[in-house]
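A predicted structure for the sequence below; I have some questions about it.
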Amino acid sequence: MKEVIKKCEEKMTKTCENLDGEFSNIRAGRANPNLLNRIMVEYYGTPTPMQQVGNISVPEPRIIQINPWEKSLLKAIEKAILASDLGITPTNDGTSIRLVFPELTEERRKELVKDIKKKGEAAKVAVRNVRRDANDTLKKMEKSTDITEDERKEGEEKIQKMTDKYVAKIDKSVENKSKEIMTV
């Protein structure tokens, strides 16, 4: 029974971490170096994470600056950014690349908040599915007389408390990201 509860908590934690990862990729009109985490640059024929080919800094709230370790990488970095889903055109000044993030319109902010809420709901559904699967496992264990009815009920209570905790955590994440997006 403890293994079922442990697996359940691991899956719920992964769901929350996944949601936080998705939220970090939503840009709020402010420059965030995490937006570049998924972008791979062609470096001597090998796809390499952006962080490993240069220094990434945020000199101003709406600008990300990338200073590659080697000047020859400028074109490859530019190409990788253009090929990505960032939707920003890089500016190459011969020594570094700058990404200027435009200010978000009110309409776009509202669309992003709707998207955030959808992702939050999907994460809550995933957490509830984990709960259902764990409860089903406990019922099967009870049927095969591995655990008693009282142990099953106790396990279900623990799983329900865990579910409530993670759903509240997801709600808090959604609320925080929505506030961040709506702050001008």
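Sure, I can see it. The shown structure was predicted, so the numbers you read here are calculated from the model rather than taken from an experiment.

helix/strand/coil for Asn55?
Following DSSP: H, G, I helix; E, B strand; the rest coil, Asn55 is assigned to strand.

could you measure the spatially closest residue to it that is not a sequence neighbour against Arg38, distance?
Among residues not flanking Asn55 along the chain, Asn67 sits closest, at 4.6 Å (C-beta to C-beta, 6 or more residues apart in numbering). The C-beta positions use only the backbone N, C-alpha and C, and glycine is treated the same way. Computed as C-beta to C-beta, to the nearest Å, the Asn67 to Arg38 distance reads 20 Å.

ok, back up a step: surely the residue nearest to Asn55 touches Ser57?
Yes. Counting by C-beta atoms under 8 Å, Asn67 does reach Ser57; the two are 7.4 Å apart.

that's a strand at the residue nearest to Asn55, yeah?
Yes. Checked against three-state DSSP, Asn67 lies within a strand.

any idea which helix is longest in this structure?
If you go by DSSP state H, the chain has its longest helix at helix 106-143.

helix or strand right after that helix?
helix 149-182 (DSSP states H and E).

before we move on, back to that, check the residue nearest to Asn55 and give its pLDDT.
Looking at Asn67, its pLDDT reads 92.

ok, it - contacts?
Neighbouring residues of Asn67 by C-beta atoms under 8 Å, 6 or more residues apart in numbering: Gly54, Asn55, Ser57, Thr95, Ser96.

Secondary structure element holding the residue at minimal distance from the centre of the chain?
Computing the C-alpha centroid of the chain and ranking residues by C-alpha atoms, centre = their mean puts Gly21 first, at 1.3 Å. Using DSSP H and E, Gly21 falls within helix 2-24.
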